[in-house]
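In: what's the 3D shape of this:
(2 chains)
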Amino acid sequence: MNNGTRLPSRKAAKGSFVMAAMVAGALLGGGTAVAATTHMLETGSSLLYPLFNLWVPAYAKVNPNLKITTQSTGSGTGISQAISGIAQIGASDAYLSNAQMMAHKGMLNIPLAISSQMINYNVPGLNGDHLKLSANTIADIYEGKVKYWDNAMIAKTNPGVKLPHKMIVPVHRTDGSGDTFIFSQYLSFSTPSWNKAVGYGTTVSWPAVPGSQGAVGNPGMVATLKTTPYSIAYIGVSFRNAIKEAKMGEARIGNRDGNYVLISNKTVSDAVVAMAKKTPADERISLIYAPGKSAYPIVNYEYAIVKEKQASKEVAEHMRKFFTWAMSAEHGNSKHFMEQVGFVPLPAAIRELSRKQIEKIH
Amino acid sequence: MSFRSISFKPMRFKTWMAVIAGGVPASLAAIILFLVIYSWPAAHVNGIGFIFRDTWNIGNVYANPIQVNGVTIMPGARYGILFLIAGTLLSSLIALLLAVPVGVGAAIFLAEVVRGKLRTVMSVIVELFAAIPSVVYGLWGYVVLVPLLGHHVYPFMAKTLSWLPFFGGLPGSGYGLLTAGIVLAMMIVPLIASILRDALISQPAALREAAMALGATKFETVWRVLLPGTRTVLIGATILALGRALGETMAVLMVSGGALNYLPSNIYSPVSTMAAFIVSQLDSALQDPTQMAVRSLAEIALILLIISIGVNALARGILKVWSFAGNPAGAVQR
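Out: Model (predicted):
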């Protein structure tokens, strides 16, 4: 019973185990080398999460040797885990800031799809009317300057509509969110007073409006809107069916050219095409408040935040192939996937920019 | 060799026990130390105004960072959490005001009114309530309580109770201070009831018999003899309950309305609590490249810890004073 006899026997056991594993591997691989499975972790944006959950099983059929695990954690977590290397793909509704790019060299911002955002309201009797709201009006509602639904600013853009004299309940996200980012950017780009007083970000310092409400997540926004008459909310396009089922209103909102538009493939594409020429090589740009007669004003790229330098050549190769598949119009960016989540495919010019960025992954 | 190891065993046992026993306070100290070190730069920039200001603004994260007091922050960043401290303390206070009378009543009912099998069954049910995860209470509050209160109860209350301070004004939509207090109360009533029930049952039978012999009614026996004897237990249970209410996160997040940067104007106003705020803001705080936002969240955690410890210490102080006055013998003499 001394250690001298124990150790060799353990070694022997280990050795035989390795042998057995090798034999098993040889049998499974049919005598040739076994192709190793590569694991990848995707975390971040809850808006991109449903799309990744459609992509991953579809791509598993193309390449069964890549196993992608998806997690919905929020864009901020996705970015920070992609930077630290815990996750290989950080899904984000927003691109990295200059400061973040400076602090973490070698990060890529690759657009995967195009999302948009609705402005919804719950005004009993008028929910089918697609009320017209200008960006300035929406900013003034969230700043507490426009307090009632029959305010002159709303009446002016909706002639002939009988607006109720009821207090407006502005609803905003209380969790940090890409939706808050693009919504506050829309108000900042269109309304100087908002830009000065509030600005934009994934969380903003909301003006204290009496009766205003906070909600967690897009499902929380839908629920609060539904249970709160005379409220207004900003909600990601993926929840359009939920809004229709709840019989809530979707506003026509003012764009840069002064027209009032609803989300459609055409209005969103018009905005993207207008901004595609301006998109720089690193693809960090806001698509909010794009010019164009029928351009929808709240549109954004959904990004994959990844490191140029991956842990190994295999991981890098798998990642390049996956992104190429995800971005192609026949596969990942096809109507089949995009329509299920309310997204719009990337235009050809952007796919070309993204292709160049993907080539940098090594 | 084997002899040696046996002779060393008691020594080793003691050492291991010391390590294990020391581990608990050591890990607490480590957490506090971490929070202090991690939040230090934030505390340096935020100053004492952190607990007196009503602004939480992580600044323009897309601008270039600037230097303030030698610390790098984003332009426009400004942190103050008075509204969180107020929301936390007020919602817990409402929860205690609602839960203590109900909990005491339930405990008296279980210990003194029902007997036999019914008592066992009902006691088990109360204990089961204490074991329900808080998020279930939150979901129930979100789906059932909020629409009910917001559409029917609060508008009625705001109208009829408008003469009471903080009960008039805008009734809101159901998400807010009172709803958070009610959900918290639902969570802590079983805690208070089950602890106090055990204490009441374990009161010596002689006390009951003596009170009855003096001609006391059942109510007088409970109110003047049994309850005073369990006063310390009640305070202890209330402290436990308060601790749970102060730190409760998910249930509060779901029904509080998530107020940002303003104090509640009445009992229906939306509020945020410190614990819920840390969860809801962590993701966007991570986007601040200077880390000041996450460090300020750590400062909130530190203050929450200090408040919890402070409340506990205060309650223990009260306990010490009262435990002399509240002994059963003294109660019988009265």
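In: CA atoms for contacts and neighbours, from now on please.
Out: Will do.
In: now A:Ala113. Its backbone dihedrals?
Out: Dihedral angles of A:Ala113 (phi, psi; degrees, to the nearest 10) stand at phi -170, psi 180.
In: so what's it up against?
Out: Taking C-alpha atoms under 8 Å, 6 or more residues apart in numbering or on different chains, we find A:Ala113 in contact with A:Tyr301, A:Glu302, A:Tyr303, A:Met327, A:Asn333, A:Phe343, A:Val344, A:Pro345, A:Leu346.
In: enumerate the residues of the stretch 51-200 of chain B near chain A.
Out: By C-alpha under 8 Å from any C-alpha of the partner chain, the residues of the stretch 51-200 of chain B that approach chain A are B:55-58, B:60-65, B:147, B:170, B:172-173, B:175.
In: can you rerun that using 7 Å?
Out: Residues of the stretch 51-200 of chain B that fall close to chain A, judged by C-alpha under 7 Å from any C-alpha of the partner chain: B:Trp56, B:Asn57, B:Asn60, B:Val61, B:Tyr62, B:Asn64, B:Pro147, B:Leu170, B:Gly172, B:Ser173.
In: in chain A, which spans are helices?
Out: With DSSP state H as the criterion, chain A has helices at A:3-28, A:49-62, A:75-84, A:98-103, A:135-143, A:152-157, A:178-190, A:192-197, A:217-227, A:240-245, A:265-276, A:313-327, A:335-341, A:348-359.
In: ok, and for the fourth one, which residues are buried?
Out: The reference is to helix A:98-103. A:Asn98, A:Ala99, A:Gln100 (16 or more other C-alpha atoms under 10 Å in any protein chain shown).
In: present those residues as TSV; the columns should include pLDDT.
Out: Formatted as TSV, the buried residues of helix A:98-103 follow (pLDDT from 0 to 100):
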residue	pLDDT
A:Asn98	89
A:Ala99	88
A:Gln100	89
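In: what about chain B: which of those touch it?
Out: A:Asn98, A:Ala99, A:Gln100.
In: OK, contacts around the first one?
Out: To tie it back to what came earlier, the one meant is A:Asn98. By C-alpha atoms under 7 Å, 6 or more residues apart in numbering or on different chains, A:Asn98 lies in contact with B:Tyr62.
In: just the last one next, same as before
Out: Contacts here follow C-alpha under 7 Å, 6+ apart; on that basis A:Gln100 touches B:Pro289.
In: assumed B:Trp140 was part of a strand.
Out: No: judged by DSSP: H, G, I helix; E, B strand; the rest coil, B:Trp140 forms no part of a strand; its state is helix.
In: domain map for chain A?
Out: The record's domain split for chain A, according to automatic domain parsing, is A:38-115+A:299-358, A:116-276.
In: returning to that earlier point: out of the ones next to chain B among the buried residues of helix A:98-103, who's nearest B:Met17?
Out: Nearest to B:Met17 among those is A:Gln100, at 47.4 Å by C-alpha to C-alpha.
In: after the helix or strand in which B:Leu35 is found, next one along is what?
Out: For B:Leu35, the element it lies in under DSSP states H and E is helix B:2-46. Under the assignment DSSP H and E, the closest C-terminal helix or strand after helix B:2-46 is strand B:56-57.
In: that next one: partners in the sheet, and parallel or antiparallel?
Out: The pairing partners recorded for strand B:56-57 under DSSP bridges are strand B:78-79 (antiparallel).
In: out of the residues of the stretch 51-200 of chain B next to chain A, which sit inside strands?
Out: The strands, defined by DSSP state E, take in B:Trp56, B:Asn57 from these.
In: format the contacts of A:Ala113 as JSON lines; extra columns: distance to chain B and pLDDT.
Out: Putting those into JSON lines (distance: C-alpha to the nearest C-alpha, whole Å; pLDDT from 0 to 100) gives the following:
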{"residue": "A:Tyr301", "distance to chain B": "16", "pLDDT": "94"}
{"residue": "A:Glu302", "distance to chain B": "16", "pLDDT": "94"}
{"residue": "A:Tyr303", "distance to chain B": "15", "pLDDT": "95"}
{"residue": "A:Met327", "distance to chain B": "26", "pLDDT": "94"}
{"residue": "A:Asn333", "distance to chain B": "28", "pLDDT": "94"}
{"residue": "A:Phe343", "distance to chain B": "23", "pLDDT": "93"}
{"residue": "A:Val344", "distance to chain B": "26", "pLDDT": "92"}
{"residue": "A:Pro345", "distance to chain B": "26", "pLDDT": "92"}
{"residue": "A:Leu346", "distance to chain B": "24", "pLDDT": "92"}
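In: okay, and which of those map to strands?
Out: A:Tyr301, A:Glu302, A:Tyr303.
In: neighbours around the nearest residue to the last one once chain neighbours are set aside, how many?
Out: Think A:Tyr303. Counting by C-alpha to C-alpha, 6 or more residues apart in numbering or on different chains, A:Pro111 is the residue found nearest to A:Tyr303 once chain neighbours are left out, at 4.3 Å. Burial measure for A:Pro111: 27 neighbouring residues, criterion other C-alpha atoms under 10 Å in any protein chain shown.
In: same question, B:Val121
Out: Neighbours around B:Val121, by other C-alpha under 10 Å: 12.
In: just send the ones next to chain B among the buried residues of helix A:98-103 back as JSON lines, with distance to B:Val183 too.
Out: Formatted as JSON lines, these follow (distance: C-alpha to C-alpha, whole Å):
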{"residue": "A:Asn98", "distance to B:Val183": "44"}
{"residue": "A:Ala99", "distance to B:Val183": "42"}
{"residue": "A:Gln100", "distance to B:Val183": "41"}
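In: which of those sits closest to A:Asn53?
Out: Nearest to A:Asn53 out of these is A:Gln100 (C-alpha to C-alpha; 27.9 Å).
In: what's the neighbour count on residue 165?
Out: Here I'm looking at chain A. A:His165 has 12 neighbouring residues, counting by other C-alpha under 10 Å.
In: oops, wrong one, chain B.
Out: B:Pro165 - counted by other C-alpha under 10 Å - has 10 other residues nearby.
In: how much space between it and B:Ala158?
Out: In this view, B:Pro165 and B:Ala158 are 11 Å apart by C-alpha to C-alpha, to the nearest Å.
In: now do A:Asn168 against A:Pro192, distance only.
Out: Wrong residue type there; residue A:168 is Ile, not Asn. A:Ile168 is 22 Å from A:Pro192, where distance means C-alpha to C-alpha.
In: in terms of neighbours, single out the busier of the two.
Out: Set side by side, A:Ile168 and A:Pro192 show more neighbours around A:Ile168, with 27 against 14, by other C-alpha under 10 Å.
In: isn't the more buried one up against A:Tyr230?
Out: Yes: A:Ile168 is in contact with A:Tyr230 according to C-alpha atoms under 7 Å; the separation is 5.4 Å.
In: show me the contacts for the residue nearest the centre of chain A.
Out: Closest to where the C-alpha atoms of chain A average out (C-alpha atoms, centre = their mean) is A:Asp93, at 3.7 Å. By C-alpha under 7 Å, 6+ apart, the residues touching A:Asp93 are A:Ser45, A:Ser75, A:Gly178, A:Tyr301, A:Glu302, A:Tyr303.
In: and what of B:Ser284?
Out: So B:Ser284 contacts A:Gly76, A:Gly176, A:Ser177, A:Thr202, A:Thr203 (C-alpha under 7 Å, 6+ apart).
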